[in-house]
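[1] model the following, please.
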Amino acid sequence: MSTGAGRLVAFLLVGLTLIVLVGGIAMRPQGDRGAVQIDVGEIRSAEVVGVSSRGCRDFAGSGCRRVDVVLRDGPASGTRSFVALPKGEFSPQLSIGDRIKVAEPPKLDASTAIAPRGHQPLAFVDFDRGRSLLWLALAFIGVVLSLARWQGARSLIGLVISMAVVLLWLVPAILDGRPPLLVALIGGVGVMIVTTVVTHGVGVKGAAAILGAAATLLLIIVLAVAAVDLAQITGLSSEEASLILAQSAGGVSIQALVLAGIVVGALGVLDDVTISQASTVLALRRANPSMSIGALFKEGMTVGRDHLGATVNTLVLAYAGASLPVLLIFADQGMGFADAVTREVVAQEVVATLVGSIGLVAAVPLTTALAALLGTRIPAPALTGSAHQH
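    Here you go, the predicted structure:
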C-alpha cells in the first residue's frame, strides 16, 4: 500500500494493534479476585457397571436406583463405588456403560444428614461428554479440511485463537474485576485482528475487514449502552447472574456483563459480513479494473443487501432459540406475546438482537466503502490471487 490512503490504513492498523496489545497487557488476569469457592468435592470420571433398586432406599427414598460405578481417573482409579438416585423425572436415566462425572458429597451436619457419611460415598454430577464432543469436533475438523483445505486449516487456527482469547484472557479478566465492556472491546478487536490475519492474510481485504469491524464494534457499544439503559436491563433475571455475584463476591457488574455479551455475541457474524463485503468489492475490481469508487460501492452494496438479509435473519433466529424455553413457559402460563417479550429474561435477548442487527447493517456500507477506497488505489493485477499483497 504505497499510496497515501494505503499509508493511512497501515497507520490505523498499527495503532489499533498497539492499543489492543497495551490494553491486553494492562488488563491481563492476575488471579487475585478472591472469589467465593463452592465446595462440590473433587470431580472424577466413572463408568456405570450396574443399575438396581436394592440398597438405596435409606439414601434416596422409595423408588430409588442404586448405580454401581467404577472410577476411571484419579488416585482411586479402578475402585468400585455407587451413587443413589431418587425417583422422579428430574433424575438422570443411567444404564450400564454410561460415562458420568461423580464427586464426593460435601460434608453435612450430623443432625441433617440423611445417612452416615461414607455409606454413600459419591454423588452424581453430570454425564461425561468428553468422548462424544471429541468425536463431533473431529468430524467438524474433517469436513472443514476436506472442503476448504488450506484455507480451512487457517480458519481452524483462527477459531482456536479466538477461543483461547475468550477462555484464557477475556473471562478471567472479567472475573478479576476488570471493566467487562472495555475487556469485551479490547478482546473483540484483538480476536478480529488475529483471526483475520491468520485466515485471510495481511492485505487490502483483511485491512478493510478489520477497520470496518472495529468501527462497527464501537457503534455497537454505544448503541448497547443506550439500549440497555433505556430498556432498564439489569441482567439479574437469570440464575447464572446470582451465581456470578456469589462467586465474585459482588465484584462483577452484571449489567456491564450483559453489555459485554452483546459485543462478543456480534463478533462471529461481524467477521462474516466484513470479510464477505471486502472480498466482493475486490472481486469486482479484479473483474473490471476501470470501475470507479462509486461504482464499486454501488455494486458491492447490491450484494451486501442480499447477504445482510440472510445474516440478520440468522442472528434473530439464534437469539430466539436462546429464549425459546422461556417463551414456552410464558405461553404455558397464558401470557400474551406483548407481555412475555417485555419480561427482562426475553427483553435482554431482544435488545441484543436489535443492537447486533443495527451494527451488522452499519458494517456493510462501512466495509464496502473502505474496500472500494483501498481497491482503487492498487493496480488490479496486484490484487489477483494475493490475499497477502500490500
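[2] run through the strands of the chain in chain order.
    Using DSSP state E, the strands of the chain run over 43-52, 65-71, 80-85, 99-103, 123-127.
[3] which neighbouring elements make contact with the first one?
    For strand 43-52, the helices and strands in contact under the criterion 3 or more Cβ pairs under 8 Å, 6 or more residues apart in numbering; DSSP states H and E are strand 65-71, strand 99-103. The way it works is simple: take the backbone N, C-alpha and C, and place the C-beta from them, glycine included.
[4] so what strands line up beside the longest one?
    Yep, that's strand 65-71 we're talking about. Looking at strand 65-71 with DSSP bridges, its partner strands are strand 43-52 (antiparallel), strand 80-85 (antiparallel).
[5] buried ones in the longest one?
    Translated: strand 43-52. 44-46, 48, 51 (16 or more other Cβ atoms under 10 Å).
[6] rewinding a little: so can I have CSV of the strands of the chain showing mean pLDDT?
    Output for those, formatted as CSV (pLDDT from 0 to 100):
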stretch, mean pLDDT
strand 43-52, 90
strand 65-71, 90
strand 80-85, 88
strand 99-103, 90
strand 123-127, 88
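[7] can you redo these as JSON lines with distance to residue 221?
    Compiled in JSON lines, those are given as follows (distance: least, Cβ to Cβ, whole Å):
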{"stretch": "strand 43-52", "distance to residue 221": "37"}
{"stretch": "strand 65-71", "distance to residue 221": "48"}
{"stretch": "strand 80-85", "distance to residue 221": "47"}
{"stretch": "strand 99-103", "distance to residue 221": "38"}
{"stretch": "strand 123-127", "distance to residue 221": "36"}
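[8] what's the closest of those to residue 30?
    When the strands of the chain are compared by Cβ to Cβ, strand 43-52 sits nearest residue 30, at 25.8 Å.
[9] output the contacting helices and strands for the lengthiest helix in the chain.
    In the chain, taking DSSP state H as the definition, the longest helix is helix 293-332. Counting by 3+ Cβ pairs under 8 Å, 6+ apart, the packing neighbours recorded for helix 293-332 are helix 254-287, helix 337-342, helix 344-375.
[10] pick out the shakiest of these, pLDDT-wise.
    Mean pLDDT values for these show the minimum at helix 337-342, a mean of 73.
[11] list the buried residues in the longest helix of the chain.
    293, 296-297, 299-301, 303-304, 307-308, 311-312, 315-316, 318-319, 323, 326-327, 330.
[12] residues contacting the residue nearest to residue 162 when sequence neighbours are not counted?
    Nearest residue to residue 162, sequence neighbours excluded (Cβ to Cβ, 6 or more residues apart in numbering): residue 191, at 4.9 Å. Listed by Cβ atoms under 8 Å, 6 or more residues apart in numbering, the contact partners of residue 191 are 161-162, 165-166, 267.
[13] show me which of the residues you listed is closest to residue 137.
    residue 162 (14.8 Å).
[14] and residue 228, how many neighbours?
    21 (other Cβ atoms under 10 Å).
[15] ok, residue 203 next?
    The burial count for residue 203: 22, using other Cβ under 10 Å.
[16] to residue 350, which of the strands paired with strand 65-71 lies closest?
    Shortest distance between residue 350 and the strands paired with strand 65-71, using Cβ to Cβ, is found for strand 43-52: 36.5 Å.
[17] now the angle between strand 123-127 and that closest one, please.
    Here the directions of strand 43-52 and strand 123-127 differ by 100 degrees (axes from the mean of the first three to the mean of the last three Cα atoms, to 10 degrees).
[18] with mean neighbour count and distance to residue 226 added, can I get the helices and strands packed on helix 293-332 in TSV?
    Shown next, in TSV, are the helices and strands packed on helix 293-332 (neighbours: other Cβ atoms under 10 Å; distance: least, Cβ to Cβ, whole Å):
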stretch	mean neighbour count	distance to residue 226
helix 254-287	22	11
helix 337-342	12	18
helix 344-375	22	9
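[19] could you dump those helices into TSV and include distance to residue 100?
    Below are the helices and strands packed on helix 293-332 laid out as TSV (distance: least, Cβ to Cβ, whole Å):
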stretch	distance to residue 100
helix 254-287	31
helix 337-342	36
helix 344-375	30
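[20] and the closest residue to residue 254 other than its chain neighbours, what does it touch?
    Of all residues not flanking residue 254 in the chain, residue 235 sits nearest, at 3.8 Å (Cβ to Cβ, 6+ apart). Residue 235 sits next to 241, 254-255, 257-258, 348 when contact means Cβ under 8 Å, 6+ apart.
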